[in-house]
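Visitor: 3D model of this:
(2 chains)
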Number of protein chains: 2
Amino acid sequence: MSAVRALFFDVFGTVVDWRSSISEFGAAMATAENWKLQIDWTEFAEAWRAEYAPSMVEVKSGRRPYARLDILHRENLDRIIPRFGLDGLDESQRQALNLAWHKLNPWADSVPGLTRLKRQFILATMSNGNTALMVNMAKHAGLPWDCILGAEPAQHYKPDPETYLTGADWLNLPPSECMMVAAHNSDLAAARALGFKTAFIARPTEYGPAQAADLAAAEAWDFIAGSMTELADQLHCA
Amino acid sequence: MSAVRALFFDVFGTVVDWRSSISEFGAAMATAENWKLQIDWTEFAEAWRAEYAPSMVEVKSGRRPYARLDILHRENLDRIIPRFGLDGLDESQRQALNLAWHKLNPWADSVPGLTRLKRQFILATMSNGNTALMVNMAKHAGLPWDCILGAEPAQHYKPDPETYLTGADWLNLPPSECMMVAAHNSDLAAARALGFKTAFIARPTEYGPAQAADLAAAEAWDFIAGSMTELADQLHCA
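Guide: Numbering: from 1, shown residues only, chains lettered A, B, ... in the order given. Below is the predicted model:
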């Protein structure tokens, strides 16, 4: 693995726990503003996230020009709030709630693991999240990125090849010197097809106790770890 | 200044001392490889840098598509080496020497000042240097950037408006919430014309003891400081 120079990270699910973070953010906002509603905020978080993949289809197909994830998140929010009796939220409340994605909390091992990995590798995001979202999240969560890459630089969403390849190109590295780190087998498969090295981090509770997919590595990835610190161990990063 | 959320930094000259760094890098390479030549490496550094602005003219005019600064630096190197008797450098030596720009050393106050500023602001590069150059330099010099912005994301060189405006847009901030920090009055003037706040850092020896330009602030910039730590003082960053 001495050839690997840069690690590219999936972020939602791999580095941060969107499900509990969105749930806690919504619950805290409801309490602070004294909303008169009983809402299952975990269900709300899952419903919002369920709109994520469908919302990118139009962009991936080329029928819609690239629109950053903040915009898609907002459209998805407007789509789901009637189901939770939240139609009455005004514009500023919707904007505030949409920024929940900028304030996601890391898994407990993420910052310790990334801090060790950063001593030996370039750490870049390879997320569908846009630059502002990634930067604000890093400030909030203490994520020590060297560089924000991914969908916005490429103006393409993963798993479009342009997303991964623009990241490698901007670091002036061949894909063989880049390693994709993700909790999702499909993300690793897309990166491997382009020549990236691959590392799977198991996040078996990303979708809660009933999670059915991505419980384990589906292929013989170059590295398979149970946490970011375990990956740091495997890569001999003290 | 409470409205300012992000600081955008010119890098060459403002944060790092390219003149002494290039000079020392060349001298060290000549010693290590036992070159039989007497070279004034400060003159060499100045000659290389003198090609910088002219080399961007074709891109700025639109006659040449955006080409990253690593490529322009290499073309400029090939242009100047005959003057120093270095025509005999082979391809791998030229590539190695070109990476000197990735290994520039910070002014003594840069890392302490940036570290303090980072606690309160988003710190982004706003350099004509390309992403790989900026990332490698940050790893080398310990520069704590939150985000690499500038010429490559915009595919435009400063002072084209697109360069500054793409940076603000990717952080999802209006120009009024962004402040350009630079040792060059022209850079600040370009940013101010777009609505950015401005901070001048005096670097009166960037071009050596005979420096004639940018010795002092040429306009009433929002902040005028003698070092990065003095700027941190002025912005009340402990």
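Visitor: For the worst-scoring helix or strand of chain A on mean pLDDT, buried residues please.
Guide: Least confident element among the helices and strands of chain A, by mean pLDDT, DSSP states H and E: helix A:52-60 (a mean of 93). Neighbour counts over helix A:52-60 (16 or more other C-beta atoms under 10 Å in any protein chain shown) mark A:52, A:55-56, A:59 as buried. Bear in mind the C-beta positions are built from the backbone N, C-alpha and C, glycine included.
Visitor: between those, which is closest to residue A:70?
Guide: residue A:55 (11.7 Å; C-beta to C-beta).
Visitor: so which of the buried residues of helix A:52-60 also contact chain B?
Guide: Filtering those for proximity to chain B (criterion: C-beta under 8 Å from any C-beta of the partner chain) leaves nothing.
Visitor: On the pLDDT front, check residue A:1 for me.
Guide: Per-residue pLDDT puts residue A:1 at 52.
Visitor: orientation of the longest helix seen in chain A relative to helix A:52-60 in degrees?
Guide: Longest helix in chain A, counting residues (DSSP state H): helix A:18-32. For helix A:18-32 against helix A:52-60, the angle by axes from the mean of the first three to the mean of the last three C-alpha atoms, to 10 degrees is 110 degrees.
Visitor: okay, helix A:18-32 in PDB with CA atoms only?
Guide: Written as PDB, here are the backbone C-alpha positions of helix A:18-32 (Å, rounded to 0.1, in the frame of the first residue of the first chain):
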ATOM      1  CA  TRP A  18     -26.800  11.300   9.700                       C
ATOM      2  CA  ARG A  19     -29.700   9.300  11.200                       C
ATOM      3  CA  SER A  20     -29.100  10.200  14.900                       C
ATOM      4  CA  SER A  21     -27.800  13.700  14.000                       C
ATOM      5  CA  ILE A  22     -30.800  14.700  11.900                       C
ATOM      6  CA  SER A  23     -33.200  13.200  14.500                       C
ATOM      7  CA  GLU A  24     -31.600  15.100  17.300                       C
ATOM      8  CA  PHE A  25     -31.400  18.300  15.400                       C
ATOM      9  CA  GLY A  26     -35.100  18.200  14.500                       C
ATOM     10  CA  ALA A  27     -36.100  17.200  18.100                       C
ATOM     11  CA  ALA A  28     -34.000  20.100  19.500                       C
ATOM     12  CA  MET A  29     -35.500  22.600  17.100                       C
ATOM     13  CA  ALA A  30     -39.000  21.400  17.900                       C
ATOM     14  CA  THR A  31     -38.300  21.800  21.600                       C
ATOM     15  CA  ALA A  32     -36.600  25.200  21.200                       C
END
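Visitor: Which secondary structure elements does that helix sit against?
Guide: Helices and strands touching helix A:18-32, by 3 or more C-beta pairs under 8 Å, 6 or more residues apart in numbering or on different chains; DSSP states H and E, are helix A:41-50, helix A:91-98.
Visitor: pretty sure residue A:85 is in contact with residue A:40, am I right?
Guide: No - checked against C-beta atoms under 8 Å, the pair residue A:85 and residue A:40 is beyond contact range at 11.4 Å.
Visitor: and the helices and strands packed on helix A:18-32, which is most packed in?
Guide: Ranked by mean neighbour count, the helices and strands packed on helix A:18-32 are led by helix A:41-50 with a mean of 18 (mean count of other C-beta atoms under 10 Å in any protein chain shown).
Visitor: Name the surrounding residues that touch that one.
Guide: Helix A:41-50 has contacts (C-beta atoms under 8 Å, 6 or more residues apart in numbering or on different chains) with A:18-24, A:26-27, A:30, A:73, A:76-77, A:80, A:83-84, A:207-208.
Visitor: what's the answer for stretch A:102-122, then?
Guide: Stretch A:102-122 is contacted from outside by A:4-7, A:12, A:15-18, A:20-22, A:24-25, A:123, A:132-133, A:136-137, A:140-144, A:146-147, A:171, A:203, A:227-232, A:235-238, B:135, B:139, using C-beta under 8 Å, 6+ apart.
Visitor: ok, of the residues you listed, which come out buried?
Guide: Neighbour-count burial (16+ other C-beta under 10 Å) applied to these gives A:4-7, A:12, A:15-18, A:20-22, A:24-25, A:123, A:132-133, A:136-137, A:141, A:143, A:146-147, A:171, A:203, A:227-232, A:235, A:237, B:135, B:139.
Visitor: Among these, which ones are in strands?
Guide: Counted as lying in strands by DSSP state E, out of the buried ones among the contacts of stretch A:102-122, are A:6-7, A:123, A:147.
Visitor: still on that earlier bit, of all the helices and strands packed on helix A:18-32, which lies closest to residue A:190?
Guide: Distance to residue A:190, taken as C-beta to C-beta, is lowest for helix A:41-50 among these, at 19.6 Å.
Visitor: export the closest one as CSV, just CAs?
Guide: C-alpha atoms of helix A:41-50 as CSV (Å, rounded to 0.1, in the frame of the first residue of the first chain):
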residue,chain,number,x,y,z
TRP,A,41,-37.8,12.3,14.5
THR,A,42,-35.9,9.0,13.6
GLU,A,43,-38.7,8.3,11.1
PHE,A,44,-38.4,11.9,9.9
ALA,A,45,-34.6,11.5,9.4
GLU,A,46,-35.1,8.2,7.5
ALA,A,47,-37.9,9.7,5.3
TRP,A,48,-35.7,12.7,4.4
ARG,A,49,-32.7,10.4,3.6
ALA,A,50,-35.0,8.1,1.5
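Visitor: next one: phi and psi at the residue of chain A most remote from its centre?
Guide: Within chain A, residue A:36 marks the point farthest from the mean C-alpha position, 31.8 Å out by C-alpha atoms, centre = their mean. Main-chain torsions, residue A:36, degrees, to the nearest 10: phi -90, psi 60.
Visitor: what about it, distance to chain B?
Guide: Going from residue A:36 to chain B by C-beta to the nearest C-beta, to the nearest Å gives 32 Å.
Visitor: Next: residue A:67.
Guide: From residue A:67 across to chain B, the span is 13 Å (C-beta to the nearest C-beta).
Visitor: And for residue A:235?
Guide: Distance, residue A:235 to chain B, using C-beta to the nearest C-beta: 16 Å.
Visitor: for that residue, what are its contacts?
Guide: Contacts of residue A:235 were listed using C-beta under 8 Å, 6+ apart, and they are A:1, A:117, A:120-121, A:223.
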